[in-house]
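Undergrad: Give me a model of this one.
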Amino acid sequence: MNWRALATALLLVGAALSGWALWSQRERDAGRAEAVQRPDYVLHDFELVVLDKQGRESFTLRAPLLERDPQVKTMAIATPLFLIPPRPGGNGGAWEVRSRSGWVSADNEELRLRGAVRAESVDAEGRPIRIATEQLNVFPQAKRATSGVPTTVTQPGLILNGRRLEADLESKRIHLAEVKVRYERTAR
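TA: Numbering: from 1, shown residues only. Got it, this is the predicted structure:
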């Protein structure tokens with residue numbers, strides 16, 4: 001056998017092995033790229049005002065960190081503060097809702113708050129209302145909130161503990177299941 005034919009055969013085998021190695025590595029890299037998806041934008045120490053379809057304020061968000069997922073267009077938020085205003089002519093004041101983490105749906109119609117959730121507002125008479133729970137789903141355009149975990153609702157002279165919260169944020173009406181009520185005297 002000629003040395004040129006042997007060198008050509010070795011080069012062809014080497015080229016085939018290199019092509020196969022590159023091809024198999026490409027599939028592994030593509031899998032890794034999907035697993036480590038980077039946000040398409042990140043906000044630090046910001047205030048964001050989200051408008052509804054009529055151009056009115058749906059909610060305001062303040063937080064130290066927001067990351068938007070480019071695939072599903074949702075936002076993950078660290079220690080958010082949501083301010084949900086009443087509708088024009090609505091009852092009471094705006095709701096201030098805080099938590100350890102938050103998530104906003106792609107259409108901005110659902111907020112999922114997790115960890116040490118606290119929601120505060122005042123009713124039409126100026127009395128404070130507080131909701132404390134570990135999970136709260138808020139629908140700012142519909143002005144309602146839900147939770148399936150233990151929840152405490154506090155108003156002057158009254159403490160409600162229960163599950164399955166359904167709250168109308170506009171009228172300040174709150175429904176709980178499996179309720180335990182404690183009345184407390186208020187100072188006059």
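Undergrad: Confidence-wise, which helix or strand of the protein is lowest on average?
TA: helix 3-35 (a mean of 72; mean pLDDT, DSSP states H and E).
Undergrad: where along this protein do the strands fall?
TA: Taking DSSP state E to define them, one finds strands in the chain at 41-51, 57-68, 75-78, 81-84, 95-98, 101-104, 111-122, 128-139, 144-147, 151-155, 158-168, 173-183.
Undergrad: would CSV of those with mean pLDDT be doable?
TA: CSV is the format used below for the strands of the chain (pLDDT from 0 to 100):
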stretch, mean pLDDT
strand 41-51, 89
strand 57-68, 90
strand 75-78, 93
strand 81-84, 89
strand 95-98, 92
strand 101-104, 92
strand 111-122, 93
strand 128-139, 93
strand 144-147, 92
strand 151-155, 93
strand 158-168, 91
strand 173-183, 88
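Undergrad: wait, which of those strands is closest to Ser24?
TA: Counting by Cβ to Cβ, Ser24 lies closest to strand 57-68 out of these; the figure is 32.6 Å. No exception for glycine: its C-beta is placed from N, CA and C like everyone else's.
Undergrad: Name the surrounding residues that touch the closest one.
TA: 39-52, 74-85, 102, 104, 108, 111, 140-141 (Cβ atoms under 8 Å, 6 or more residues apart in numbering).
Undergrad: what do you get for stretch 158-168?
TA: Contacting residues not belonging to stretch 158-168 are listed as 131, 133, 136, 143-154, 173-184 [Cβ under 8 Å, 6+ apart].
Undergrad: Repeat that for stretch 41-56.
TA: Stretch 41-56 is contacted by residues 57-68, 88, 108, 140-141 when judged by Cβ under 8 Å, 6+ apart.
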